[in-house]
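# Give me coordinates for this.
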Amino acid sequence: MKPLERNLLIAVAIIVVLVAAIVLLQPQQDSRKEVVYAPTAVATSTPVPAAQEFFVYIRKYAFEPENLTVPAGSKVTWVNEDDETHSIDFGDDGSGELVPNQEYSQVFDLPAYYEYSCGVHGYTSETAYLNVVPA
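Now for the predicted structure:
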């Protein structure tokens with residue numbers, strides 16, 4: 001290999017290493033959003049069906065779905081499909097402890113935006129949001 005080719009190959013290798021280092025050292029943005037409980041109506045442009053029953057499943061220390069929009073008057077049922085005890089905690093209200101396969105239901109008559117979490121564990125993954133909109 002000629003000295004010029006070798007030097008060019010070394011220069012390219014150095015550039016690749018520098019670019020990789022720059023990409024890997026970039027600060028990661030936090031995709032979580034901090035939401036403050038505010039019991040007020042939230043407008044939505046998505047059509048919402050009439051009041052009905054909706055389900056939220058607790059699986060692997062997370063709520064599925066994490067974000068749910070329902071019309072006022074709807075019943076929301078949480079189902080603990082995890083192997084651990086969890087709870088639904090709205091701050092001053094909630095389910096109490098739910099053992100595996102236990103359910104908790106609540107009817108939401110008033111439009112409001114709720115943040116809830118597992119009161120047993122309180123992991124970030126166990127925080128979810130319920131948006132109750134006018135029916």
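# Strands of the protein, start to end?
53-59, 62-64, 67-71, 74-80, 86-89, 94-98, 103-108, 112-117, 127-133 (DSSP state E).
# and A11, which of these is closest to it?
strand 62-64 (47.4 Å; Cβ to Cβ). Glycine gets a C-beta too; all of them are placed from N, C-alpha and C.
# The closest one: which residues count as buried?
A62, F63 (16 or more other Cβ atoms under 10 Å).
# for it, packing partners?
Here strand 62-64 touches strand 53-59, going by 3 or more Cβ pairs under 8 Å, 6 or more residues apart in numbering; DSSP states H and E.
# Would you mind listing the outside residues contacting the strand it packs on?
With contact meaning Cβ atoms under 8 Å, 6 or more residues apart in numbering, strand 53-59 is reached by 63-65, 68, 70, 74-82, 86, 98, 105, 118, 126, 128.
# hmm, 6 Å instead?
63-64, 70, 74-82, 86 (Cβ atoms under 6 Å, 6 or more residues apart in numbering).
# Got a ChimeraX select line for the buried ones in those residues?
Buried residues within the contacts of strand 53-59, by 16+ other Cβ under 10 Å, are selected in ChimeraX with:
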select :63,70,74,76,78,79,80,82,86
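# Find the residue closest to the spatially most central residue of the chain in space, skipping its chain neighbours.
The chain has E66 as the residue nearest its centroid, 4.1 Å off, counting by Cα atoms, centre = their mean. Nearest residue to E66, sequence neighbours excluded (Cβ to Cβ, 6 or more residues apart in numbering): A128, at 4.8 Å.
# what sits against the one you found?
A128 neighbours (Cβ under 6 Å, 6+ apart): F63, E66, Y116.
# how about the residues you listed in a markdown table, adding distance to A13 and pLDDT?
Output for the contacts of A128, formatted as a markdown table (distance: Cβ to Cβ, whole Å; pLDDT from 0 to 100):
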| residue | distance to A13 | pLDDT |
| --- | --- | --- |
| F63 | 47 | 93 |
| E66 | 43 | 93 |
| Y116 | 52 | 93 |
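# Which positions are bridged to P71 in the beta structure?
Counting by DSSP bridges, P71 is bridged to V133.
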